[in-house]
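> Sequence below, structure please.
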Amino acid sequence: MPERVPLTPAERERRRQRLAAVFGDVLPEQTRDDVREGTERERADHDEQLRRDVPPHHGPVG
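The predicted structure follows:
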């Protein structure tokens, strides 16, 4: 198997542009997982909602 040669930054950019031209911008530069959103209270409310939604057969959550 031939050894892979690392691409230069210019080659990477050209490749990115070609892929974007063919497939569109399918992956954003930054995703929601990269950014902490909401306040501490909003996250606590979300956690509480998840706890309320646990099916009874899973037992108490705690």
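> Helices of this structure, residue ranges please.
9-23, 40-52 (DSSP state H).
> Could I get the buried residue list for the longest one?
Within helix 9-23, no residue is scored as buried using 16 or more other Cβ atoms under 10 Å. C-beta here means a position set from N, CA and C on the backbone, and glycine is covered the same way.
> Show me the contact partners of that helix.
Under the contact criterion Cβ atoms under 8 Å, 6 or more residues apart in numbering, helix 9-23 has outside partners residue 7.
> measure residue 56 to residue 18 for me?
53 Å (Cβ to Cβ, to the nearest Å).
> one step back: let me have the helices of the chain in a markdown table, extended by distance to residue 60 and mean pLDDT.
Converted to a markdown table, the helices of the chain look like this (distance: least, Cβ to Cβ, whole Å; pLDDT from 0 to 100):
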| stretch | distance to residue 60 | mean pLDDT |
| --- | --- | --- |
| helix 9-23 | 47 | 90 |
| helix 40-52 | 10 | 83 |
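> Figure out which of those is closest to residue 2.
Closest approach to residue 2 among the helices of the chain (Cβ to Cβ): helix 9-23, 16.7 Å.
> now that closest one, how far from the chain's geometric center?
21 Å (Cα atoms, centre = their mean, to the nearest Å).
> can I have that helix written out in PDB, keeping just the CAs?
Taking Å, rounded to 0.1, in the frame of the first residue of the first chain, the C-alpha atoms of helix 9-23 are listed here in PDB:
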ATOM      1  CA  PRO A   9      -2.800  23.800   3.800                       C
ATOM      2  CA  ALA A  10      -3.500  25.100   0.200                       C
ATOM      3  CA  GLU A  11      -4.200  21.500  -1.000                       C
ATOM      4  CA  ARG A  12      -6.600  21.000   1.900                       C
ATOM      5  CA  GLU A  13      -8.400  24.200   1.100                       C
ATOM      6  CA  ARG A  14      -8.800  23.300  -2.600                       C
ATOM      7  CA  ARG A  15     -10.100  19.800  -1.600                       C
ATOM      8  CA  ARG A  16     -12.600  21.400   0.900                       C
ATOM      9  CA  GLN A  17     -13.800  23.800  -1.800                       C
ATOM     10  CA  ARG A  18     -14.200  20.900  -4.300                       C
ATOM     11  CA  LEU A  19     -16.200  18.800  -1.800                       C
ATOM     12  CA  ALA A  20     -18.400  21.800  -1.000                       C
ATOM     13  CA  ALA A  21     -19.000  22.400  -4.700                       C
ATOM     14  CA  VAL A  22     -20.200  18.800  -5.200                       C
ATOM     15  CA  PHE A  23     -21.900  18.100  -1.900                       C
END
